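**Q** I'd like to go over a predicted model; first the sequence, then the structure.
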Amino acid sequence: MIDPEARYLRTHEWAKEEGKGIFAVGLSSYALEQLGDIVYLELSEKGDTVEQGGTFGVVESVKAASDLYAPLGGEIVEVNHAVSDNPDMLKEDPYEEGWLVKIKASNPSEFEDLMDAKEYKQFLETEAE
Amino acid sequence: MYDCHLECGGRLVDFAGWHMPVQYQKGILQEHLETRRSAGLFDVSHMGRFEIAGRRALEFLRWVLTNDAAALPVGRAHYTLLADETGGAIDDAYLYRFSPEQWLLVVNAANTYKDWEYLRRKAEELGRGVQLKNVSEELAMIALQGPRSESLLLGMIEGGQLPEPKRNSLGAVRIAGCEVLIGRTGYTGEPVCFELFVPAKAAESVWRRLTAAGACPVGLGARDTLRLEASLPLYGHEYGRDVTGREIPILACPAAKVGVNLKDPERRFIGREALEEQSCTLKKGICAFRVFGKGVVRAGAAVFQGLREIGRVTSGTVVPYWVPRAVSCPHHCGHGAGWEAHFSGQTAQRAIGLAMLEGPLGAGALIEIDLRGRRVEAEVVKRNLDNSCGPITFAVV
């Protein structure tokens, strides 16, 4: 499942514009499926700054830890503690309830650098080969 | 058995030249829990299986393996290792004696080729009289582990008898019209445990019978969490070379003690001198630990006491467990109620692992482990799983 509204990184993080330069960020359902059971989620704190492509947290599956990369640079203005307390939520609704952080972008045009839903879909098809 | 794995929703990866499932439909956590409460089914055909026979077979085994094959009666299996001269592990293994004149050695998948070449070379050194046969392809291996395993098997046996209810005992039965060799062995810590050796052509039908009877297919992911919860070593982590590239002494691993037999002073085996020295002088060891608070520590993480680094994590993961129902019997053995009553249905998770530590430290010692630059508190424990009171196990939390 791919959210048509979101834009994507090759590392499977998505971003969605919420207005006023603020973007919600999460993980695509493809990434969640690949990770398997998620047992722990560590997210940056409110007020932290992150660059585009920088890490804003770690997601732990049973097998391994994977870094989470920011689709846009800026300040983290909100953190979804409901998800970090209960990572099972992620799979149920990866593009709405399952957002991870909200970033106030220092340069909102970075959003245009990301793959749109159609490009991400093609990217996943080539990945699968 | 490729089709079987796909039918069960297996997510397959390449592992030591085999297509093996990391997990099935239910996922690692659920597969782990099902094994502890019910019965887990594992295709472990990727492991190496060698038959050893010939007039000098026993002499050969007593020379290349650390445990004493002469102490292994027919109808029994034991844990053993292939040591090198410096007391490190070439591999760890299980030796089965189904018949008087023939032994079956099961080795790690990733080491099958290395072990095979090594053993062939050693057999040549000894001269004639040892026949080695690699039966990994023709003989499939299926593990069935957990409290319900025995009743599942009893429901499908067409002849023969299960091995007597004692760990490491062996037997032979008929399932799906086929002769199946069975050992009460396994790699999960479950007191009720079986490993089945099945002719490859019958493996799929045996597998399907077991899944149809309710056994839960379990992949390599949960195989690792189950063994780690039971503090069982894995070559490449607790044996072989450590993260810094140094050889790990075999006897640093407490589990190795049952696989090294120094009793017969006349028996010269490869690595004996080094192992004798280790048994007197070793000042470090593999310890089980549990992590307090949140975070999962992984292999390679540094372990501290205060400012001093005292070792490294060799294996670390998170495991799920059944929250035990409060019971009055101090042994949790379910007097009167039947063991099923002890599964409350509530589950939780905890981070645990094994670490090579100086000392070695005793149970109760507090340690700190590096987790991405911060430190998490942990405690050395005697064990993370209580399996002393069958047929079910309890998480020690």
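**A** Looks like it came in fine.
**Q** the residue of the stretch 151-300 of chain B found nearest chain A is in what secondary structure piece?
**A** Of all residues in the stretch 151-300 of chain B, the one sitting closest to chain A is residue B:296 (4.8 Å; CB to the nearest CB). Placement of C-beta: from N, CA and C, glycine included. For residue B:296, there is no host helix or strand (DSSP states H and E).
**Q** all the strands of the stretch 251-397 of chain B, residue numbers only.
**A** Residue ranges of the strands in the stretch 251-397 of chain B, as given by DSSP state E, counting those that start in this stretch, are B:284-291, B:302-305, B:308-324, B:343-358, B:366-371, B:374-381, B:385-386, B:394-395.
**Q** if we can go back for a sec, quick one, phi psi at the residue of the stretch 151-300 of chain B closest to chain A?
**A** For residue B:296, the backbone dihedrals are phi -120, psi 120 (criterion: degrees, to the nearest 10).
**Q** hang on, the earlier thing: and of the strands of the stretch 251-397 of chain B, who's closest to chain A?
**A** Judging these by CB to the nearest CB, what sits closest to chain A is strand B:308-324, at 4.5 Å.
**Q** residues of that closest one that come out buried?
**A** By neighbour count on 16 or more other CB atoms under 10 Å in any protein chain shown, the buried set for strand B:308-324 is B:310-322, B:324.
**Q** looking at that strand now, give me its mean pLDDT.
**A** Averaging pLDDT along strand B:308-324 yields 94.
**Q** what parts of the stretch 151-300 of chain B come near chain A?
**A** Applying CB under 8 Å from any CB of the partner chain, we find that the stretch 151-300 of chain B lies next to chain A at B:221, B:222, B:225, B:294, B:295, B:296, B:298.
**Q** interface residues of chain A facing chain B?
**A** Residues of chain A lying near chain B by CB under 8 Å from any CB: A:36, A:37, A:39, A:40, A:42, A:58, A:60, A:62, A:63, A:64, A:65.
**Q** any chance you could list what contacts the helix or strand hosting residue B:172?
**A** Assigning secondary structure by DSSP H and E places residue B:172 in strand B:170-175. For strand B:170-175, contacts defined as CB atoms under 8 Å, 6 or more residues apart in numbering or on different chains pick out B:75-77, B:96-98, B:153, B:156-164, B:179-184, B:196, B:198, B:206, B:209.
**Q** reformat the strands of the stretch 251-397 of chain B as JSON lines; add distance to residue A:104.
**A** Listed next are the strands of the stretch 251-397 of chain B as JSON lines, based on distance: least, CB to CB, whole Å:
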{"stretch": "strand B:284-291", "distance to residue A:104": "34"}
{"stretch": "strand B:302-305", "distance to residue A:104": "36"}
{"stretch": "strand B:308-324", "distance to residue A:104": "33"}
{"stretch": "strand B:343-358", "distance to residue A:104": "33"}
{"stretch": "strand B:366-371", "distance to residue A:104": "29"}
{"stretch": "strand B:374-381", "distance to residue A:104": "26"}
{"stretch": "strand B:385-386", "distance to residue A:104": "47"}
{"stretch": "strand B:394-395", "distance to residue A:104": "43"}
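**Q** okay, residue B:13: pLDDT?
**A** With respect to pLDDT, residue B:13 scores 86.
**Q** oops, could you answer that again for residue B:337 instead?
**A** For residue B:337, the pLDDT comes out at 59.
**Q** quick one: the helices in chain A?
**A** Secondary structure of chain A by DSSP state H: the helices cover A:29-35, A:81-85, A:88-92, A:117-128.
**Q** tell me which residues in the first one are buried?
**A** Translated: helix A:29-35. Using 16+ other CB under 10 Å as the test for burial, helix A:29-35 gives A:29, A:30, A:31, A:32, A:35.
**Q** ok, the residue sitting nearest the centre point of chain A - contacts?
**A** In chain A, the centroid-proximal residue (CA atoms, centre = their mean) is residue A:26; its distance is 2.6 Å. By CB under 8 Å, 6+ apart, residue A:26 lies in contact with A:13, A:14, A:90, A:94, A:95, A:98, A:99, A:100.
**Q** now, which of the residues you listed lie within strands?
**A** A:13, A:14 (DSSP state E).
**Q** which one (most neighbours) among the contacts of residue A:26?
**A** residue A:14 (28 neighbours; other CB atoms under 10 Å in any protein chain shown).
**Q** is that one in contact with residue A:1, as I believe?
**A** No: counting by CB atoms under 8 Å, residue A:14 stays clear of residue A:1, with 11.3 Å between them.
**Q** what is in contact with those two at once?
**A** Counting by CB under 8 Å, 6+ apart, the common neighbours of residue A:14 and residue A:1 are residue A:95.
**Q** pLDDT weak spots in chain B?
**A** Low-confidence segments of chain B (pLDDT under 70): B:326-338.
**Q** can you give me the helices for it?
**A** B:2-7, B:28-37, B:57-64, B:112-126, B:149-154, B:203-212, B:220-229, B:272-281.
**Q** dump those helices to JSON lines, plus mean neighbour count and distance to residue A:115.
**A** Shown next, in JSON lines, are the helices of chain B (neighbours: other CB atoms under 10 Å in any protein chain shown; distance: least, CB to CB, whole Å):
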{"stretch": "helix B:2-7", "mean neighbour count": "15", "distance to residue A:115": "31"}
{"stretch": "helix B:28-37", "mean neighbour count": "25", "distance to residue A:115": "30"}
{"stretch": "helix B:57-64", "mean neighbour count": "20", "distance to residue A:115": "56"}
{"stretch": "helix B:112-126", "mean neighbour count": "16", "distance to residue A:115": "42"}
{"stretch": "helix B:149-154", "mean neighbour count": "18", "distance to residue A:115": "48"}
{"stretch": "helix B:203-212", "mean neighbour count": "18", "distance to residue A:115": "40"}
{"stretch": "helix B:220-229", "mean neighbour count": "25", "distance to residue A:115": "30"}
{"stretch": "helix B:272-281", "mean neighbour count": "15", "distance to residue A:115": "56"}
